[in-house]
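>>> Predicted model and sequence follow; I will ask about them next.
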Amino acid sequence: MGNFFGGESTWLSLSNGSTAALLDVLMLAVSDLAARPWDYRFAALLALQDQNVIGRGAAGFDVTDIDWGADPSEAQQNKEFVLAVIDLAARRHRWDELD
């Protein structure tokens, strides 16, 4: 059993342990970057993937289902936020706090 994240024709399949690790590092980054209501909604989407709450193997979402914004400018700003979160996490931001 695994978890799936992606959209359209590209999907990332992760084991339960990999999903937990991915979400932990993303939550550390998003919690430091979130400043706008949309940012907090994205943080909540990540938090909703907690397998201790929803069950192992039940996490994941389709990025095409995310409401990116009312217009192209807003959507671009929101996508740039997500990329900034991923970039910060990839730079091992606050990883020293992890178990």
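Sure thing, it's come through.
>>> Please count neighbours and contacts with C-alpha atoms only from this point.
Fine.
>>> any idea how far residue 31 lies from residue 84?
Look at residue 31 and residue 84: by Cα to Cα, to the nearest Å, they are 12 Å apart.
>>> so which helix or strand takes in the residue positioned nearest the centre of the chain?
With the centre of the chain defined as its mean C-alpha position, the nearest residue by Cα atoms, centre = their mean is residue 46, 4.6 Å away. In the assignment (DSSP states H and E), residue 46 maps to helix 37-47.
>>> before we move on, what about residue 89?
Secondary structure assignment for residue 89, by DSSP H and E: helix 72-90.
>>> which residues does the residue nearest to the centre of the chain contact?
Under the criterion of Cα atoms under 8 Å, 6 or more residues apart in numbering, the neighbours of residue 46 are 23, 26-27.
>>> what stretches of the chain score poorly on pLDDT?
For the chain, residues meeting the criterion pLDDT under 70 lie at 1-3, 52, 54-55, 57-58, 60.
>>> try it again with 90
When residues are selected by pLDDT under 90, those of the chain lie in 1-23, 45-66, 99.
>>> and the residue of the chain most remote from its centre, backbone torsions?
Counting by Cα atoms, centre = their mean, the extreme residue of the chain relative to its mean C-alpha position is residue 71, 21.7 Å from that point. With angles defined as degrees, to the nearest 10, residue 71 sits at phi -140, psi 170.
>>> one step back: report the buried residues of the helix holding residue 46.
For helix 37-47, the buried set under the neighbour-count rule, 16 or more other Cα atoms under 10 Å, comprises 38-39, 42-43, 46.
>>> Of all pairs in the residues you listed, which one is the farthest apart?
Spatially, the most separated pair among the buried residues of helix 37-47 is 38 and 46, at 12.6 Å (Cα to Cα).
>>> How far does stretch 9-20 sit from its chain's centre?
Relative to the chain's own centre, stretch 9-20 is displaced by 12 Å; criterion: Cα atoms, centre = their mean, to the nearest Å.
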